[in-house]
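[1] Build me a structure from this.
(one chain, ligands or ions: 3)
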Amino acid sequence: MRLLPKANEACWCGSGKKFKRCHKQSQAEVVPHEISPIRPVPDTIDKPTWADGGDVERWDEPRVKSPEVIERMRRTGVLAADTLAYLGTIIKPGITTEEIDIAVHERAIELGSYPSPLNYPGVLDPFPKSVCTSVNEVICHGIPDARVLQEGDIVNCDVTLFKEGVHGDTNATFYVGEVDEMSQRLTQVTRDCTALGIAAAMPGEPINEIGRAIQTHAEANGFGVVRDFVGHGIGEQFHTDLQICHYYHPSLTDIIEVGMTFTIEPMITVGSWRSRMWDDGWTASTADGGRTAQFEHTLLITENGPQILTTPTNTVGHPYWDLARN
Ligand code: MF3
Ligand code: CO
Ligand code: CO
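    Residues are numbered from 1 along each chain as shown. Ligands and ions are numbered 1, 2, ... in the order given. Coordinates of the predicted model:
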């Protein structure tokens, strides 16, 4: 089942008008705007290899982390979560995604950390900003630019910080002012999908139980699950070889072990889950232009189950703090 109507079908809002004469046109396509020059990071900050134009270093990092690495990941995870929570207090109609980037860049430095996306190598150019901002039909990896956020937009902000040699990766979808009912439902279902995926990350279970839980809930609500982007192992490397699919993949039967750290970050769509890439080589949008939402946490697997490492210090103003209650 797909909820996004075809152009000539009745709009989902119940107006009785054709979709193309109703909500389709009030939701203008997101288009690229001017991107400002790269912002420097002081030499006092410890940087990953790509910060100054180097490659992403890859090595066989253990999937099960030592207690010492875990302690560092806890500290960095909280800083990333606090930065994301702060964004929740500044996002409103009239601000640009570039202003969100400036906020993340400055906070990261104040916290003594490096904003991991900055200069991260890609298929074409490196990512030129310190946070990903993905508006409306943009699935992920949107580049902050001069676009002004409009009342009714939804924007996902994906914050990753690097400090003490480890990364903490977390994102949330925020409402810009008042948003329509479908966007609210999409966002809430996506949040619940993330919670259900996290709850399924039990030690001793196969890793594909996570995607099964997410896909079941998304599809029961008529939504789609993006296939082209997955969760990932994380630690001293931003992305390790461990992949977490958000849909059920029968052959991913690796067992979830105590001490593993990985992200769960489902991208859920109103319409088709298929993606297409902008010419910038980064921005991924839905193929049909339907809206999409995402939430992400970095997790540690304990004997008792998953623990969220990206829990903010203060949960006030955080749109999904209750997910982060361990
Ligand atoms: N934070 C994203 C993730 O969840 C990765 C962003 S890479 C970037 O994996 F270069 F686009 F920033
Ligand atoms: Co991630
Ligand atoms: Co992320």
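[2] The stretch 101-250 of the chain: helices as residue ranges?
    Using DSSP state H, counting those that start in this stretch, the helices found in the stretch 101-250 of the chain span residues 181-199, 208-220.
[3] Redo the ones you listed as TSV? Include mean neighbour count and mean pLDDT.
    C-beta here means a position set from N, CA and C on the backbone, and glycine is covered the same way. Shown next, in TSV, are these (neighbours: other Cβ atoms under 10 Å; pLDDT from 0 to 100):
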stretch	mean neighbour count	mean pLDDT
helix 181-199	20	96
helix 208-220	21	98
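[4] Rebuild those helices as JSON lines, extending it with distance to ligand 2.
    Shown next, in JSON lines, are the helices of the stretch 101-250 of the chain (distance: least, Cβ to the ion, whole Å):
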{"stretch": "helix 181-199", "distance to ligand 2": "12"}
{"stretch": "helix 208-220", "distance to ligand 2": "14"}
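[5] now those in CSV, with distance to Glu236?
    Putting the helices of the stretch 101-250 of the chain into CSV (distance: least, Cβ to Cβ, whole Å) gives the following:
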stretch, distance to Glu236
helix 181-199, 22
helix 208-220, 23
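[6] got a pLDDT number for the residue of the chain found nearest ligand 1?
    Residue nearest to ligand 1 within the chain: Pro117 (2.7 Å; Cβ to the nearest ligand atom). Turning to Pro117, the model gives it a pLDDT of 99.
[7] Nearest residue to it in space, please, no chain neighbours.
    Once flanking residues are discounted, Pro117 sits nearest to Phe127: 4.8 Å by Cβ to Cβ, 6 or more residues apart in numbering.
[8] Averaged pLDDT, stretch 251-271. What do you get?
    So the average pLDDT for stretch 251-271 ends up being 98.
[9] tell me the contacts of the residue of the chain closest to ligand 1?
    Going by Cβ atoms under 8 Å, 6 or more residues apart in numbering, Pro117 touches 127, 129-132, 158, 160.
[10] farthest-separated two in the residues you listed?
    Lys129 and Thr160 (11.8 Å; Cβ to Cβ).
[11] picking that back up, so which of the helices of the stretch 101-250 of the chain gets nearest ligand 3?
    Closest of the helices of the stretch 101-250 of the chain to ligand 3 is helix 181-199, at 12.2 Å (criterion: Cβ to the ion).
[12] and the closest one, is it in reach of ligand 1?
    No. Helix 181-199 lies out of reach of ligand 1 by Cβ under 6 Å from any ligand atom, never closer than 12.4 Å.
[13] do the same with stretch 133-146
    Yes. Applying Cβ under 6 Å from any ligand atom, one finds stretch 133-146 in contact with ligand 1 at His141.
[14] what distance separates the start and the end of that stretch?
    12 Å (Cα to Cα, to the nearest Å).
[15] now stretch 146-156
    16 Å.
[16] Can you report the mean pLDDT over the residues of it?
    97.
[17] roughly how far out does that stretch sit from the chain middle?
    Relative to the centre of its chain, stretch 146-156 is centred 16 Å away, using Cα atoms, centre = their mean, to the nearest Å.
[18] Could you do stretch 97-106 as well?
    With Cα atoms, centre = their mean, you get 16 Å for stretch 97-106.
[19] From Gly94, how far out is the residue nearest to Pro117?
    Separation of Phe127 from Gly94 (Cβ to Cβ, to the nearest Å): 25 Å.
[20] These two: which is more packed in?
    A count of neighbours by other Cβ atoms under 10 Å puts Phe127 above the other of Phe127 and Gly94, at 21 against 11.
[21] Quick one: residues contacting that one.
    Phe127 touches 117-120, 141, 143, 282, counting by Cβ under 8 Å, 6+ apart.
[22] let's see 10 Å
    50, 115-121, 141, 143, 280-282 (Cβ atoms under 10 Å, 6 or more residues apart in numbering).
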